[in-house]
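Engineer: predicted model, plus sequence, below.
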Amino acid sequence: MLLAEALAARGYKLTRPRRAVVKVIAAAGTTLTPAEIHAQAQAHYAQTGLVTVYRTLDLLAECGAVRKLHQPDGCHSYALASEGHAHHVICQGCNSVVEFDNCDIGALLTAVQRRTGYKISGHWLELFGLCPACKIATAR
């Protein structure tokens, strides 16, 4: 689903600032922080505010069009999402992100439920490392 369609399907208008945010995310091949999205969106529409970026990201995440990724430093970044349940491998060198959908942690979730008494309703799985290009660059 296109980002603009995700907003329209929920009844949100595609204002010029939102359109600028959508363009940045759609063109990105890596994860981006809200500040990075803001800076790049201003190149498309100078009046794009940081609050608009955060609100648009929240709407897009709610629609399932982008995924909010939790970084090791405690900050968040965002990336385009594919349909359905997915997880991510994030490069710590260039911030590229690859989605994968087979996490096969059913046994772990069952053990955690049994040990804690919680009923697990969902999970995130994000792995960090170096992509092949950064691994080669680091080895040099």
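Structural biologist: Perfect, I can see it now.

Engineer: hang on, Tyr54 packs against Pro34?
Structural biologist: Yes - the criterion here is CB atoms under 8 Å, and Tyr54 meets it with Pro34 at 5.7 Å. C-beta coordinates here come from the backbone N, C-alpha and C atoms, glycine included.

Engineer: who has more neighbours, those two?
Structural biologist: Comparing Tyr54 with Pro34 by other CB atoms under 10 Å, the one with more neighbours is Pro34, at 18 against 14.

Engineer: who are the contact partners of that one?
Structural biologist: Applying CB atoms under 8 Å, 6 or more residues apart in numbering, we find Pro34 in contact with Leu50, Val53, Tyr54, Leu57, His76, Tyr78.

Engineer: pull out the buried members of those residues.
Structural biologist: Val53, Leu57, Tyr78 (16 or more other CB atoms under 10 Å).

Engineer: where's the dip in pLDDT among the residues you listed?
Structural biologist: Among these, Tyr78 has the lowest pLDDT, at 91.

Engineer: number of nearby residues for the closest residue to it other than its chain neighbours?
Structural biologist: Spatially, and ignoring its direct neighbours in sequence, Tyr78 is nearest to Val66 (4.9 Å; CB to CB, 6 or more residues apart in numbering). Using other CB under 10 Å, Val66 is surrounded by 27 other residues.

Engineer: just to check, Val66 is in contact with Ala81?
Structural biologist: Yes - counting by CB under 8 Å, Val66 does reach Ala81; the two are 5.5 Å apart.

Engineer: now the element after the helix ranked longest in the chain, going C-ward?
Structural biologist: When the chain is parsed with DSSP state H, its longest helix is helix 50-63. Tracing the chain past helix 50-63, the next element assigned as helix or strand by DSSP states H and E is strand 66-70.
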